[in-house]
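Engineer: using only what follows, build the 3D model:
(2 chains)
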Amino acid sequence: MVKYIGKRIIYMFITMFLIATATFFLMQTLPGSPIQSYSKLNDTQKAIVEKKYGIDKPKPVQYAIYMKNLAKGDLGTSFAFKGKSVNDLLASRMKPSFILGIQAMVFGTIVGILLGMIAALKQNTFWDYGSTFFAILGISIPSFVFATLLQYYVGSQWHLLPVGLWNDGWKSSILPSLALAMGPLALSARFIRTEMIEVMGSDYITLAKAKGASGFEIAFKHAFRNALIPLITVLGPVAAGLVTGSLVVEQIFAIPGIGEQFVSSIMVNDFATIMGTTLFFSAFLIVVIFIVDILYGVIDPRIRVAGGKA
Amino acid sequence: MKNTKWLLLMAMTLVLSIFLAACGGAEEKEKDASKDGEKDGSATETPKKEDGEPDAEQILNLAESAAIPSVDSAIVEDAVGFNVLNNVNEGLYRLDQENKAIPAMASEEATESEDGLTYTFKLRDAKWSDGTPVTADDFVFAWQRAIDPATGSPYGPFMMSGTVKNATAISEGKMDKKELGIVAKDEKTLEVTLERPVPYFLSLMSFGTFYPQKEEFVTSKGDAYATNSDNLLYNGPFTLTDWDGTGGSWSYKKNDEYWDAENVKLTEINVNVVQDSATAVKLYKDGKLDRAGVSGDLAMQYSTDPEAVVQPETSVFYMKFNQKKLKQEETPLANVNIRKAIAKSFQKEDLADVVLANGSLPANFLVPKDFAFDENQKDFRELSGDLLTYNVEEAKEYWEKGLKELGVDSLELEILGGDTDLSKKMDEYFKSQLETNLEGLTIKLKEVPFAVRLELDDKQDYDIQISGWGPDFQDPISFLDLFVTDGTNNLMSYSNPEYDKLIADSKAELALKPEERYEAFAKAEKILLEDDAAIAPIYQRGLIFLEKPHFKGLVSHPFGADYSYKWAYISGKE
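Structural biologist: Now for the predicted structure:
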């Protein structure tokens, strides 16, 4: 296990390195200069400013310097936010995104699991169709549509929760979290339903029933745990979906998170910030996928990873 | 078993509640309509209340479209930054409610030498937010810092070169910054020497780049200067608070040290960044904002809202006709008759009223309306009149003549425009108007992001480009200077020696003769548009805002910073 984790961590660094390299060179193809009023500067100034930001050097040298700083954890200086480090910028914007992400993930999976279980246990009843219908809605409608609907009805029309902004404590986080949660919710509901139905038909469930175990015991102790495994597999992609969803949802609710920052930094060619946010998102995803893989082993002893026997 | 039931119930409630949310549509619309009715009623009632009495609570909530990139007056280069500066700091002059530059940090009107080259300012007894006095040295330091090439100020050299003495040489690193034409005669007297007489010089003094900075404070903060609201000093009507340097929200608090604090009524302004216009409108309707910009398609929807106000701007949009593709090969647009034909073949009123529908005005001019005024406060537009107006008959004649001169019977031209919904709609309109009115013309549309358009502009890689300009100071020259031969923003190979001479004269021998100077401008504008059709003006931009009736006294400015909150107040908010 330790060996496996060690290997995975090395892979994670290699992945990050490749992502950083690809982003760095792709970014150079963006039209325009990262310096906003470039045309207003005279040649002397251009030279000084380019030197200050280190963009006067040839691209490979810039790349080497960037990677060296990155290794030290320094993401560089923002072009758009004059003289501010990207690390600080991300730190100040991380909290809202983090809260929304966690809430959406937790709420989405828990409710999704419940819905899925109900659907499976009450197969081919009203409950089943209802929750399936709901799951299909959640999968096919993108989060920003939910965001707009929630904002319009719950916020603008019923005045139950804030329409937007991040200045009303926990209340501000509910609608955007709900909007983001729809995807994970629908996905987990569908997975759990399918798996539960399959598991419920297997021999050991029949045995459990024969043993006289209660319905509740069967559902949770036997069926549920086995049905969880495929769900955990999809948690990685679900997290990725949350990240992309947050880019738009944060904008709709005017929440000063990383997603919003990412979009606006691309608009102004803020190279350092684009790099910083991309790497941050990548690191987040890689870590989630890593955790998911580790969780496998915890939940299902059959999948104790490579060399588990040794 | 009991547990399963409980579980079922919970899940059912959840599902039901969301179904309900999805089904509530029709009902809600009715409710919405009745709410509008109520609003109409209250709007007619408000005037009954005595106007003007400020409320006890003076807190304003606003939205900005972007975060603050910087509040260092030497570095600021964007609309948000200049707006913040104007409200938390103050220069020698400030634009007043009528947008006239009046003494601010200066205690009285500056004295101008006879040759128009030297200005002497007396400073008033004003204080920084830390209680120390604002001195002449603070201005000297700030200006020198802005022109020093090492600072990398985008606006320092841009505003000072060719205006303030020695600025050009210093910005190119050929002279020490101490040689800049600004001297502190004593603690409260400032003497500025210019390179040439600049008739609009005093209005420049209200521009952010010319604001003071306290040397001791700036040096002691070093790199941390202006990186958050604690690392700044304020001498304006408000202080900036709760700004962490990159965040999406900040506040203004009334500055009690401000010299004119008794006339500042607002105690607090809370600002949040809201990029999405639809969100801003929802927040506004929910009472979370006192003012919200309505852009794009929303503008048309809300233009009839009782709380909608049109804010005319001084940005003018026009078609640039590229005469030399990639600066080498002559295009069909090098033919003046072709240019005139295109410029006269599209209806501007419909474009402004129906397509844009955001308060924009059709433009038959380059220098905008309500922007520049002569000695007698007469609008420059009255002096210069309408030029290059829409006329299909004439357009067709020019078109045939042009085609004959080129020896062709059809042309294909490309229109380069922006990629926003509104720009695309506008481009479609041009395509249909031009192709209908000018036989044999095919228009190709190319819609690209702003940065790409700038790059293509720079390379002169386009035929016709939809472009615009907002002024940096209050004088027709801010617009007319764009199209002199080889001007940095010309980028379409337009050149007319007569035009160049008029512009050059206005900066030299006519500089101290306001009347003749304005005549020269009018003549130049006529050459540019009526004679040469170098560009085809389209519209002067307007913006639509929703503004709560209780929000009063907001002043918007035609150049530099967008707004002053100094005179704003809340009155009649329940």
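Engineer: and the stretch 101-250 of chain A, which residues reach chain B?
Structural biologist: Contacts of the stretch 101-250 of chain A with chain B, taken as CB under 8 Å from any CB of the partner chain, map to A:111, A:114-115, A:117-118, A:121-122, A:127, A:130-131, A:134, A:148-157, A:159, A:162-167, A:214-216, A:219. C-beta coordinates here come from the backbone N, C-alpha and C atoms, glycine included.
Engineer: what is the burial count for the residue in the stretch 101-250 of chain B that chain A sits nearest to?
Structural biologist: When distances are taken as CB to the nearest CB, the stretch 101-250 of chain B reaches nearest to chain A at residue B:248, 2.7 Å away. By the criterion of other CB atoms under 10 Å in any protein chain shown, residue B:248 has 27 neighbours.
Engineer: could you do residue B:110 as well?
Structural biologist: The local packing of residue B:110 (other CB under 10 Å) involves 19 other residues.
Engineer: with residue B:60 instead?
Structural biologist: 23.
Engineer: now the residue of the stretch 101-250 of chain B closest to chain A, nearest residue through space, not along the chain?
Structural biologist: Leaving aside its sequence neighbours, residue B:248 sits nearest to residue A:256 (CB to CB, 6 or more residues apart in numbering or on different chains; 2.7 Å).
Engineer: and what of residue B:78?
Structural biologist: residue B:69 (5.8 Å).
Engineer: name the nearest residue to residue B:171, sequence neighbours excluded.
Structural biologist: Using CB to CB, 6+ apart, the nearest residue to residue B:171 is residue B:157, at 3.7 Å.
Engineer: other residues contacting whichever strand or helix holds the one you found?
Structural biologist: Counting by DSSP states H and E, the element that carries residue B:157 is helix B:155-160. For helix B:155-160, contacts defined as CB atoms under 8 Å, 6 or more residues apart in numbering or on different chains pick out A:37, A:40-42, A:45, B:74, B:76-77, B:143, B:145-149, B:167-168, B:171, B:180, B:204, B:207-210, B:472-473.
Engineer: which single residue of the stretch 251-400 of chain B ends up nearest chain A?
Structural biologist: For the stretch 251-400 of chain B, CB to the nearest CB, closest residue to chain A: residue B:274, 4.1 Å.
Engineer: correct me if wrong: residue A:74 contacts residue A:87.
Structural biologist: Yes. At 6.9 Å, residue A:74 counts as touching residue A:87 under the criterion of CB atoms under 8 Å.
Engineer: not including adjacent chain positions, what is the nearest residue to whichever residue of the stretch 51-200 of chain A sits closest to chain B?
Structural biologist: In the stretch 51-200 of chain A, the residue that lies nearest chain B is residue A:82 (3.9 Å; CB to the nearest CB). Nearest non-adjacent residue to residue A:82, counting by CB to CB, 6+ apart: residue B:70, 3.9 Å away.
Engineer: how many neighbouring residues does that neighbour have?
Structural biologist: 22.
Engineer: now for it: which residues touch it?
Structural biologist: Residues near residue B:70 by CB under 8 Å, 6+ apart: A:81, A:82, A:83, B:76, B:77, B:81, B:226.
Engineer: which neighbouring elements make contact with the lowest-mean-pLDDT helix or strand in chain A?
Structural biologist: When each helix and strand of chain A is scored by mean pLDDT, DSSP states H and E, helix A:215-217 comes last, with a mean of 79. Secondary-structure packing of helix A:215-217 (3 or more CB pairs under 8 Å, 6 or more residues apart in numbering or on different chains; DSSP states H and E): helix B:2-23.
Engineer: residues of stretch B:418-425 that come out buried?
Structural biologist: By neighbour count on 16 or more other CB atoms under 10 Å in any protein chain shown, the buried set for stretch B:418-425 is B:418, B:422, B:423, B:425.
Engineer: next: stretch B:372-382.
Structural biologist: The neighbour-count check on stretch B:372-382 (16+ other CB under 10 Å) flags B:372, B:373, B:374, B:380, B:381 as buried.
Engineer: export those residues as JSON lines, with columns for secondary structure.
Structural biologist: Converted to JSON lines, the buried residues of stretch B:372-382 look like this (DSSP: H, G, I helix; E, B strand; the rest coil):
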{"residue": "B:372", "secondary structure": "coil"}
{"residue": "B:373", "secondary structure": "strand"}
{"residue": "B:374", "secondary structure": "coil"}
{"residue": "B:380", "secondary structure": "helix"}
{"residue": "B:381", "secondary structure": "helix"}
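Engineer: just to revisit the earlier point, on the three-state scheme, the residue nearest to residue B:78 is what?
Structural biologist: coil.
Engineer: now it: phi and psi?
Structural biologist: phi -80, psi -40 (degrees, to the nearest 10).
Engineer: on that earlier part again, so can I have TSV of the contacts of residue B:70 showing secondary structure?
Structural biologist: Formatted as TSV, the contacts of residue B:70 follow (three-state DSSP):
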residue	secondary structure
A:81	coil
A:82	coil
A:83	coil
B:76	coil
B:77	coil
B:81	helix
B:226	coil
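Engineer: what is the lowest-pLDDT residue among those?
Structural biologist: Least confident of these in the model: residue A:83, at 77.
Engineer: wait, a strand at residue B:540?
Structural biologist: Yes. Assessed with three-state DSSP, residue B:540 lies in a strand.
Engineer: show me where the stretch 201-350 of chain B has its helices.
Structural biologist: B:201-204, B:215-221, B:277-285, B:297-302, B:336-343, B:348-350 (DSSP state H, counting those that start in this stretch).
Engineer: residue B:339 is in contact with residue B:536, isn't it?
Structural biologist: Yes. Using CB under 8 Å, residue B:339 is in contact with residue B:536, at 7.5 Å.
Engineer: hey, what's in contact with both of these two?
Structural biologist: With CB under 8 Å, 6+ apart, residue B:339 and residue B:536 have common neighbours residue B:321.
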